[in-house]
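In: fold the stuff below for me.
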Amino acid sequence: MNRPIRRHYKTVAGPAPVVHDVDLQIHDGAIRGHIDGDARSFDARLLRRLEGGSEIAVVLDGVRSRAIVLRVGDQVHIWINGRAHRFQAVTPRPGGDVAGADQGDPFAASPMTGVVRRVLVAPGDAVKAGATLFVVEAMKMEFSVTAPRDVVVDDVRATEGTRVDIQQVVITFRSPTAPPGAGAPA
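Out: Numbers count the residues shown, from 1 in each chain. Next up is the predicted model:
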């Protein structure tokens, strides 16, 4: 398989989003190209397919790591070496659209099937962009789900210890200027 990837992604968490220019060529598991203008070359091998993504083995500079990569719409979640990274596409996939920050979903969903380990917010809480809302554990890894923008929590639909499915809504919220319950899914 030979497939080019040319997109711009911005980091989702953190105080100031950073945009990365990604220009990669995938050919039979070997990935070559540029990230932010720096030449990169590494091997990635599929270990197993997951619902919504893959577990892959990555060899970079002679060091082998395992990573879990999930794509949900135009967001990419990557868990590698004990760290979670989340990126939002700035340029759309061919035939797709990228929603603006103001048009984001009024909820936070589980990125994987797993167990809710921590819930760090309650209804009525004002939460800043990038702050952790809840943590899901799957396959002995913890995944922090953060607020995509400044929000006010409307509802918490899972408690600690609850099993959740991939894309199950765990927390609903609204913008700080919207009335309670505005836009939350039923």
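In: which residues are in contact with stretch 55-63?
Out: Here stretch 55-63 makes contact (Cβ atoms under 8 Å, 6 or more residues apart in numbering) with 42-48, 64-69, 80. All C-beta spots, glycine's among them, are computed from the backbone N, C-alpha and C.
In: out of those, which sit inside strands?
Out: 42-48, 64-69, 80 (DSSP state E).
In: can you lay out the residues you listed as JSON lines showing neighbour count and pLDDT?
Out: Converted to JSON lines, the ones in strands among the contacts of stretch 55-63 look like this (neighbours: other Cβ atoms under 10 Å; pLDDT from 0 to 100):
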{"residue": "Phe42", "neighbour count": "16", "pLDDT": "73"}
{"residue": "Asp43", "neighbour count": "15", "pLDDT": "75"}
{"residue": "Ala44", "neighbour count": "17", "pLDDT": "75"}
{"residue": "Arg45", "neighbour count": "12", "pLDDT": "76"}
{"residue": "Leu46", "neighbour count": "10", "pLDDT": "76"}
{"residue": "Leu47", "neighbour count": "13", "pLDDT": "81"}
{"residue": "Arg48", "neighbour count": "8", "pLDDT": "81"}
{"residue": "Arg64", "neighbour count": "10", "pLDDT": "86"}
{"residue": "Ser65", "neighbour count": "13", "pLDDT": "86"}
{"residue": "Arg66", "neighbour count": "13", "pLDDT": "87"}
{"residue": "Ala67", "neighbour count": "17", "pLDDT": "84"}
{"residue": "Ile68", "neighbour count": "22", "pLDDT": "85"}
{"residue": "Val69", "neighbour count": "18", "pLDDT": "83"}
{"residue": "Ile80", "neighbour count": "15", "pLDDT": "82"}
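In: what pLDDT does Asp23 get?
Out: On pLDDT, Asp23 comes in at 67.
In: next, count neighbours for Thr159.
Out: Per other Cβ atoms under 10 Å, the neighbour tally for Thr159 reads 10.
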